[in-house]
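> give me a model of this one.
(4 chains)
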Protein chains: 2
Amino acid sequence: MYVTIPSDITRHRPVSPITTTAPKSHETHLKAESYLYFEGDPVDWLYQVKTGVLRLTRLLEDGRRQVIAFGYPGDIVGFPSGGLHHTDCDVLVDATLQPYRRSALESGEGDPALHSALLQAALSEISAMQDHFMMLGRKSAVEKMASFLCVLADRVGEDQGDQRRIDLPMRRGDIADFLGLTTETVSRTLTQLRKSGVIAVQNIHTVAVLRPEALLHLSRGSHDN
Amino acid sequence: MYVTIPSDITRHRPVSPITTTAPKSHETHLKAESYLYFEGDPVDWLYQVKTGVLRLTRLLEDGRRQVIAFGYPGDIVGFPSGGLHHTDCDVLVDATLQPYRRSALESGEGDPALHSALLQAALSEISAMQDHFMMLGRKSAVEKMASFLCVLADRVGEDQGDQRRIDLPMRRGDIADFLGLTTETVSRTLTQLRKSGVIAVQNIHTVAVLRPEALLHLSRGSHDN
DNA sequence: CGATCAATTGATGTATTTCAACGGGGGTGG
DNA sequence: CCACCCCCGTTGAAATACATCAATTGATCG
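Numbering: from 1, shown residues only, chains lettered A, B, ... in the order given. Predicted coordinates for the structure are as follows:
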């Protein structure tokens, strides 16, 4: 999951379960805290997230970290480059994964539909990452947080009465490393959004969106509230 | 071209001319200032840059801009998502392009080798963009500029005596929008690098790397110098 | 040669980081 | 079962990197 530009045009990229002849039997279950793969590992499988949440990270020698993406249901993780993984990937929330052979993407012999679906997923990935560039490079802290919450609300928010509830299984530091901020700034920005009545923080891992339009405006940088 | 992490392992991703049966006759020539495609255009062709430099940009409603990438020889541009282009692309330096049908990537009928090469290019793209995330989200201005110059020196630098000459055909504002900075900061950072003897600015569009190791250290954030 | 636009440099402002202290929630061990 | 502890999140105060605003220089072109 990347922070794409909220726009009614680019709406909802196909979070489709890849429909294919693949047998459901091979589904993999992983517990929180466990690692799916490490940077440098050879890629044998790609995975589509069915349930749960993954975290893809990249580390700098001096300890600085970038959370590349969160893996939410529908996302496909593990695209190889030079046959290798280029991030670490671990599990934030117990997850169910549908594995696909790397060869299904790269050679595609066997199941053309699957091959095509994986290819399209890779291409969507590129596009989504481009949006994410814009966010990392050009947006302020509030805009980043608002954008992040918008995307989450849209993708995995759950209706609760008339407001939308968002679960944040990751830690503040993960959000920070995802958005290019510090934990302190993430925290401050959340309280700021809370105090301005845009969201409510029900507990550390749950926020509710009280004024969706306001949140969207903030994500776009409309400072005219 | 993205700002990848300079590492002796990840060295030089295959900037290979796609070797295939494709006839050279179809090469396209484009003059500087001209546009190759716009955001929203349907994708019919992908292009491998043979000579020249392209600029891929994405615009925000309020005018903020992100330069997604520069297209240097070896790079492939125009990966579709949902069949559409998601950036604008125009020409910085007169360019020669080798076009490939979108179908060569997506259906691959006809030329399996070409299909595979384009797919691998897309996958490298994802990996390179992940490195770029790290740069945008976690690096300081000096680190960004140093990284940028390192990558350029490595990819398109030309030996000049014992130092390496880099051509910067783009404007300062382009570099800024690429690295998530302002033109002023780009300018100041360049003079800072110049005054510290790491580079020499021969003219607005040409810098020479005087101390490559120092530049590399700076790009990594080694502040002990 | 003057006009124009980009790049540089300076002065000032500010958003975010950094450093530091505090508090709360959850788990563990006594 | 309670107490303690540890980690994480929050909040505050101070520092700073970068942006913003503004003026000057420098290049390019008719």
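> C-alpha only now, for contacts and for neighbours.
OK.
> can I get stretch A:51-67 in PDB? Just the C-alpha atoms.
Extracted C-alpha coordinates of stretch A:51-67, given in PDB (Å, rounded to 0.1, in the frame of the first residue of the first chain):
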ATOM      1  CA  THR A  51      -5.800 -11.100   5.300                       C
ATOM      2  CA  GLY A  52      -3.500  -9.300   7.800                       C
ATOM      3  CA  VAL A  53      -0.900  -6.600   7.300                       C
ATOM      4  CA  LEU A  54       2.700  -6.800   6.200                       C
ATOM      5  CA  ARG A  55       5.500  -4.300   6.500                       C
ATOM      6  CA  LEU A  56       8.200  -3.800   3.900                       C
ATOM      7  CA  THR A  57      11.300  -2.000   5.100                       C
ATOM      8  CA  ARG A  58      14.700  -0.900   3.800                       C
ATOM      9  CA  LEU A  59      17.600  -0.100   6.100                       C
ATOM     10  CA  LEU A  60      20.500   2.300   5.800                       C
ATOM     11  CA  GLU A  61      23.900   1.400   7.300                       C
ATOM     12  CA  ASP A  62      23.500   4.100   9.900                       C
ATOM     13  CA  GLY A  63      20.200   2.800  11.100                       C
ATOM     14  CA  ARG A  64      17.900   5.100   9.200                       C
ATOM     15  CA  ARG A  65      14.900   3.200   8.000                       C
ATOM     16  CA  GLN A  66      12.400   3.600   5.300                       C
ATOM     17  CA  VAL A  67       9.100   1.700   5.400                       C
END
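> show me what counts as buried in it.
A:Thr51, A:Gly52, A:Val53, A:Leu54, A:Arg55, A:Leu56, A:Thr57, A:Arg58, A:Leu59, A:Arg65, A:Gln66, A:Val67 (16 or more other C-alpha atoms under 10 Å in any protein chain shown).
> do it and chain B meet?
Yes: Stretch A:51-67 lies within reach of chain B by C-alpha under 8 Å from any C-alpha of the partner chain, at A:Arg58, A:Arg64, A:Arg65, A:Gln66.
> give the contact list for the third one.
When contacts are counted by C-alpha atoms under 8 Å, 6 or more residues apart in numbering or on different chains, A:Arg65 touches A:Thr57, A:Arg58, A:Leu59, A:Asp177, B:Met134, B:Arg138.
> closest to DNA strand D out of these?
Set against DNA strand D, the nearest of the contacts of A:Arg65 by C-alpha to the nearest atom of the strand is B:Arg138 (9.0 Å).
> hmm, the closest one is touching A:Arg64, no?
Yes: with contact defined as C-alpha atoms under 8 Å, B:Arg138 reaches A:Arg64; the gap is 7.1 Å.
> give me the residues contacting the lowest-mean-pLDDT helix or strand in chain A.
Least confident helix or strand of chain A, by mean pLDDT, DSSP states H and E, is strand A:158-160 with a mean of 90. Contacts to strand A:158-160, defined as C-alpha under 8 Å, 6+ apart, come from residues A:Arg164, A:Arg165, A:Ile166.
> show me the residues you listed that map onto strands.
Judged by DSSP state E, the subset of these located in strands is A:Arg164, A:Arg165, A:Ile166.
> turn those residues into JSON lines, including distance to A:Gly40, neighbour count and pLDDT.
JSON lines is the format used below for the ones in strands among the contacts of strand A:158-160 (distance: C-alpha to C-alpha, whole Å; neighbours: other C-alpha atoms under 10 Å in any protein chain shown; pLDDT from 0 to 100):
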{"residue": "A:Arg164", "distance to A:Gly40": "39", "neighbour count": "19", "pLDDT": "95"}
{"residue": "A:Arg165", "distance to A:Gly40": "37", "neighbour count": "23", "pLDDT": "95"}
{"residue": "A:Ile166", "distance to A:Gly40": "33", "neighbour count": "24", "pLDDT": "96"}
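> helices or strands up against whichever helix in chain A runs longest?
Counting residues, the longest helix found in chain A (DSSP state H) is helix A:112-138. If you count contacts as 3 or more C-alpha pairs under 8 Å, 6 or more residues apart in numbering or on different chains; DSSP states H and E, helix A:112-138 packs onto helix A:102-106, strand B:65-71, helix B:112-138.
> tilt between it and strand A:65-71?
Here helix A:112-138 runs at an angle of 140 degrees relative to strand A:65-71 (axes from the mean of the first three to the mean of the last three C-alpha atoms, to 10 degrees).
> list the buried residues of helix A:112-138.
A:114-138.
> is there contact, residue-wise, from it to DNA strand C?
No: Helix A:112-138 lies out of reach of DNA strand C by C-alpha under 7 Å from any atom of the strand, never closer than 9.2 Å.
> quick one: distance of that helix to the chain centre.
Distance of helix A:112-138 from the chain centroid (C-alpha atoms, centre = their mean, to the nearest Å) equals 12 Å.
> helix or strand right after that helix?
Per DSSP states H and E, the first helix or strand lying C-terminal to helix A:112-138 is helix A:141-156.
> go through that following helix and flag the buried ones.
Neighbour counts over helix A:141-156 (16+ other C-alpha under 10 Å) mark A:141-153, A:155 as buried.
> stretch A:26-46 too?
In stretch A:26-46, counting by 16+ other C-alpha under 10 Å, buried: A:Glu27, A:Leu30, A:Leu36, A:Tyr37, A:Phe38, A:Glu39, A:Val43, A:Asp44, A:Trp45, A:Leu46.
> just flag the most distant two among these.
For these, the maximum inter-member distance is 22.8 Å, found between A:Glu27 and A:Glu39 (C-alpha to C-alpha).
> what's the closest of the buried residues of stretch A:26-46 to chain B?
Closest approach to chain B among those (C-alpha to the nearest C-alpha): A:Glu39, at 11.2 Å.
> who are the contact partners of that closest one?
Residues counted as contacts of A:Glu39 (C-alpha under 8 Å, 6+ apart) are A:Arg58, A:Leu84, A:His85, A:His86, A:Thr87, A:Asp88.
> before we move on, back to that, mind putting the contacts of strand A:158-160 in TSV, distance to A:Leu216 included?
Listed next are these as TSV, based on distance: C-alpha to C-alpha, whole Å:
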residue	distance to A:Leu216
A:Arg164	13
A:Arg165	15
A:Ile166	15
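> which one among those gets closest to A:Ala214?
A:Arg164 (13.5 Å).
> isn't that closest one up against A:Leu215?
No: A:Arg164 is beyond contact range of A:Leu215, at 11.9 Å (criterion: C-alpha under 8 Å).
> list the contacts of the residue nearest in space to the middle of chain A.
Centroid check for chain A by C-alpha atoms, centre = their mean gives A:Met1 as the closest residue, at 2.2 Å. Applying C-alpha under 8 Å, 6+ apart, we find A:Met1 in contact with A:Ala69, A:Phe70, A:Gly71, A:Tyr72, A:Asp75.
> list, one by one, the residues from chain A near DNA strand C.
Chain A comes close to DNA strand C at residues A:Lys139, A:Ser140, A:Ala141, A:Val142, A:Gly180, A:Leu181, A:Thr182, A:Glu184, A:Thr185, as judged by C-alpha under 7 Å from any atom of the strand.
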